[in-house]
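Student: Below are the sequence and a predicted model; questions follow.
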Amino acid sequence: MEMIQIVGLGLIVAILTLVLKEHKPLFAFLLITVTGIYIFLFLLGKIAAVIGVLEQLSALTNINVMFLKTILKIIGIAYIAEFGAQIVRDSGLESVASKIELAGKVLIMVMAIPIITVIIETVVKLLPA
């Protein structure tokens, strides 16, 4: 039911934006931005619930919490970079949007280094000497 509400909101905003773009392009951009932020804030509660379940599962399976937190941070960076890039793209600044995506990818790579290091160390230990 929530998805229907989000799609309905999106359709209403799309129609309003088409009408506003002709007369007040700035208001159209603001409407798009505010709607995007509203949807993102609406989803934060859902994301928090997923994080809670994953933390419970990691506690039950004795998985190192550092790995889980790192993976969740990586996912967060990906979502935030994509969200920011889409908003900037909506304003017509494709080159800035591309730079935001590049920054997100680099930050993800930096955050993944500890996990990659552990994986490589584990593989090396499994190989016969």
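Tutor: Perfect, I can see it now.
Student: any chance you could map the helices in this structure?
Tutor: 2-23, 25-61, 65-90, 94-126 (DSSP state H).
Student: Contacts for the shortest one next, please.
Tutor: By CB atoms under 8 Å, 6 or more residues apart in numbering, the list of residues contacting helix 2-23 from outside reads Phe27, Ala28, Leu31, Ile32, Thr35, Tyr38, Ile39, Phe42. Using the backbone N, CA and C atoms, a C-beta is placed for each residue, glycine as well.
Student: related to what we said a few turns ago, among the helices of the chain, which is the most enclosed?
Tutor: Sort the helices of the chain by mean neighbour count, taking mean count of other CB atoms under 10 Å, and helix 65-90 sits at the top with a mean of 15.
Student: Which other helices and strands does that one contact?
Tutor: Using 3 or more CB pairs under 8 Å, 6 or more residues apart in numbering; DSSP states H and E as the contact test, the elements touching helix 65-90 are helix 25-61, helix 94-126.
Student: Listing request: residues of this protein with sub-threshold pLDDT.
Tutor: When residues are selected by pLDDT under 70, those of the chain lie in 129.
Student: Roughly how far does the residue most central in space within it sit from Val7?
Tutor: Centroid-nearest residue in the chain, with CA atoms, centre = their mean: Tyr79, separated by 0.7 Å. According to CB to CB, to the nearest Å, Tyr79 stands 19 Å off from Val7.
Student: Same question for Gly92.
Tutor: Relative to Val7, Gly92 is positioned 25 Å away (CB to CB).
Student: again with Ser95
Tutor: 30 Å.
Student: before we move on, what about Gly104?
Tutor: 26 Å.
Student: one step back: to Ala85, which of the helices and strands packed on helix 65-90 lies closest?
Tutor: Ranking those by distance to Ala85, with CB to CB as the measure, places helix 94-126 first at 4.2 Å.
Student: what angle sits between that closest one and helix 65-90?
Tutor: Put simply, helix 94-126 runs at 160 degrees to helix 65-90, going by axes from the mean of the first three to the mean of the last three CA atoms, to 10 degrees.
Student: pretty sure Glu82 contacts Ala97?
Tutor: No: contact between Glu82 and Ala97 fails when scored by CB atoms under 8 Å: they sit 9.8 Å apart.
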